[in-house]
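In: the following comprises the amino acid sequence and a computationally predicted model.
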Amino acid sequence: MCALAEAVSNGGLVQGTNGLMERIKQGRVLYMSGDDSPMTITKRLTETFNANRKNICFQAENTTPYIGSPEFAEYFRLKRPDLCIIDTLQHFLPPRTNMNSTNEVTLALQPLRILSNNTIAKNLQSFLR
């Protein structure tokens, strides 16, 4: 995920489904972590992966808004990320979501799919399959 954040934040190369490297446009990365602090992630992204710090933002400190909540939607709209990294997904799913149920997880992620309709993430879907 860090290499992908680097590529988006700088406008770099990603491997396409055909195995060839393809350039993507520079964009904003929203990194949502339920485990690591923004300082830890920023250090990893900028020192190890040379990501563009100006194009990386995080959820508010000490918050883990659930996907589908009004807080999540508002924050997502405010930051307008081109790529949203959610690490670890379970921290941001509604309580009692059964992680072993594909249907439940897919349903829980539906609001994120709607919010991300106009982002690089839509274009990157083919790269990540």
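Out: Yep, it's here. Residues are numbered from 1 along each chain as shown.

In: quick one: low-confidence parts of this protein?
Out: In the predicted model of the chain, residues 60-62, 118-129 satisfy pLDDT under 70.

In: go through it and flag its longest helix.
Out: Taking DSSP state H as the criterion, the chain has its longest helix at helix 102-115.

In: just list what that one packs against, helices and strands only.
Out: The elements that helix 102-115 packs onto, with contact taken as 3 or more C-beta pairs under 8 Å, 6 or more residues apart in numbering; DSSP states H and E, are helix 70-79. Bear in mind the C-beta positions are built from the backbone N, C-alpha and C, glycine included.

In: run through who's touching the helix it packs on.
Out: The contact list for helix 70-79, computed with C-beta atoms under 8 Å, 6 or more residues apart in numbering, reads 28, 30, 57, 59-60, 63, 65-66, 84, 92, 111-112, 115-116.

In: ok, then the element right after that helix?
Out: Sequence-wise, the next helix or strand beyond helix 70-79 is strand 83-87, with elements assigned using DSSP states H and E.

In: where's the residue lying closest to M21 once chain neighbours are set aside relative to E6, distance?
Out: Excluding its sequence neighbours, the residue lying closest to M21 (C-beta to C-beta, 6 or more residues apart in numbering) is L13, at 4.3 Å. Counting by C-beta to C-beta, to the nearest Å, the gap from L13 to E6 is 10 Å.

In: ok, now L30?
Out: Distance from L30 to E6, counting by C-beta to C-beta: 15 Å.

In: what about those two, which has more around it?
Out: L30 (23 against 20; other C-beta atoms under 10 Å).

In: and what about that one, helix, strand or coil?
Out: Reducing the assignment at L30 to three states with DSSP: H, G, I helix; E, B strand; the rest coil gives strand.

In: check T63 too.
Out: coil.

In: what about the residue lying closest to it once chain neighbours are set aside, neighbour count?
Out: Beyond its immediate neighbours in the sequence, the residue positioned closest to T63 (C-beta to C-beta, 6+ apart) is E71, lying 7.6 Å away. By the other C-beta under 10 Å criterion, the neighbourhood of E71 contains 14 residues.
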